[in-house]
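# Below is the sequence, then the predicted model.
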Amino acid sequence: MRKTGKSVLTLVILLIVLGGLIAGYLILKHFNSLETMEEDSSITLLDKTDKTVTALRYSNGETDLSFAYKNDVWEYALDSHFPLQQDVLQNMAVSASTVTAKTQVDARDNTDETYGLDTPALTVDVTFSDGSAYTYTFGDINDFNGYQYFAISEDDAIYMVDASMAKSFGSPLNTLYQAETYVLRDQGVQASDITSILLETAAGTTKQITDASGIEALFKHVDTLNLNSWVDYYADPEEMQETYGVHQGSDRITVTYNSKDGSSSAYTVYIGSKFERVTDDETDSAEDPGFEYFYSPEDSSVVYTTDEETINAIFAYLTYTPASSDTTEEA
């Protein structure tokens with residue numbers, strides 16, 4: 001009896017091992033077939049050039065944005081003044097102009113709901129200069145191969161595309177904002193390149209800092225006005241003055257420095273009105289929420305904000321006196 005029991009156990013173990021080998025073989029065969037599919041069954045659904053894309057719109061349930069290509073520039077459809085990152089929109093145009101599917105799905109016994117196309121993760125509308133227009137619908141991502149179900153207008157078939165295609169679209173508007181160039185940082189200006197920092201107030205008080213120690217200490221504060229936080233990207237002169245308090249007669253800071261080519265350049269920032277900081281944080285003290293200032297670089301239509309502490313630290317230098325008595329200052 002013991003011998004029979006051992007024989008049965010041995011047979012069971014052999015069957016398990018054999019089953020594992022067969023399963024491994026089938027999985028390997030399936031993966032090999034997938035690789036072959038990737039290499040051999042690519043399907044071109046659309047083959048145009050990015051230069052012929054004239055309009056784009058994408059919607060993903062949270063973001064619904066439209067753009068138009070006019071006079072060689074991408075514009076936000078609802079506000080042509082919005083400063084768009086042109087390279088990002090151009091990359092979208094590239095993705096939208098050439099569409100290649102990994103494979104076509106056999107959907108005879110299924111519906112759009114099976115593939116998430118009834119409530120799509122993303123839809124993209126693209127218009128071309130020849131007048132043609134298409135809608136791309138992105139559904140679920142297949143858990144097994146990582147491809148995304150996809151449909152294109154005027155084609156009843158369902159396809160699978162690389163999931164990276166959908167990632168080209170869907171960015172919220174604020175992430176598409178093209179920030180102004182912060183000249184001092186863009187040109188790599190260091191404190192040692194600065195010859196003077198001039199402070200001027202609306203009341204007529206001026207102070208010019210020219211000594212190395214004063215420039216180095218003051219520049220650390222001035223350099224924080226780096227155009228990091230904007231509140232208005234297109235303020236006209238009247239709005240700039242009436243709403244934000246920024247104008248030719250307001251407080252201002254002028255940094256004069258030596259450029260890399262050896263020439264002398266100047267960068268001026270105008271300080272606007274002081275306003276109470278708005279916060280949604282209920283833990284902040286209601287009695288003292290803090291204050292900020294509007295500011296804008298010379299010849300800019302963009303308005304930025306900075307904290308009161310920075311402005312106070314800068315204009316505290318109106319009373320600055322150099323440590324060395326032989327340093328020349330112009331008042």
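Cool, the structure landed. Numbers count the residues shown, from 1 in each chain.
# Can you give the contact residues for the strand or helix carrying residue 99?
Element membership of residue 99, judged by DSSP states H and E, is strand 98-101. The set of residues external to strand 98-101 that reach it, using C-beta atoms under 8 Å, 6 or more residues apart in numbering, is 42-48, 136, 150, 152, 159-161, 165. All C-beta atoms are positioned from the backbone trio N, CA, C, and that covers glycine.
# mind redoing it with 6 Å?
Residues from elsewhere that reach strand 98-101, judged by C-beta atoms under 6 Å, 6 or more residues apart in numbering: 42-47, 159, 161.
# which parts of that strand are buried?
99, 101 (16 or more other C-beta atoms under 10 Å).
# ditto for stretch 106-122
107, 112, 115-117, 120-122.
# Ok, stretch 146-162 next?
Buried, per 16+ other C-beta under 10 Å, within stretch 146-162: 147-152, 158-161.
# Kindly reformat these as JSON lines containing distance to residue 56 and secondary structure.
What follows is those, written out as JSON lines (distance: C-beta to C-beta, whole Å; DSSP: H, G, I helix; E, B strand; the rest coil):
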{"residue": "147", "distance to residue 56": "23", "secondary structure": "strand"}
{"residue": "148", "distance to residue 56": "19", "secondary structure": "strand"}
{"residue": "149", "distance to residue 56": "21", "secondary structure": "strand"}
{"residue": "150", "distance to residue 56": "17", "secondary structure": "strand"}
{"residue": "151", "distance to residue 56": "18", "secondary structure": "strand"}
{"residue": "152", "distance to residue 56": "15", "secondary structure": "strand"}
{"residue": "158", "distance to residue 56": "23", "secondary structure": "strand"}
{"residue": "159", "distance to residue 56": "20", "secondary structure": "strand"}
{"residue": "160", "distance to residue 56": "23", "secondary structure": "strand"}
{"residue": "161", "distance to residue 56": "17", "secondary structure": "strand"}
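# Residue 131: which of those is nearest?
Distance to residue 131 across the buried residues of stretch 146-162 (C-beta to C-beta) is lowest for residue 152, with 17.0 Å.
# State the distance from that closest one to residue 315.
Separation of residue 152 from residue 315 (C-beta to C-beta, to the nearest Å) stands at 60 Å.
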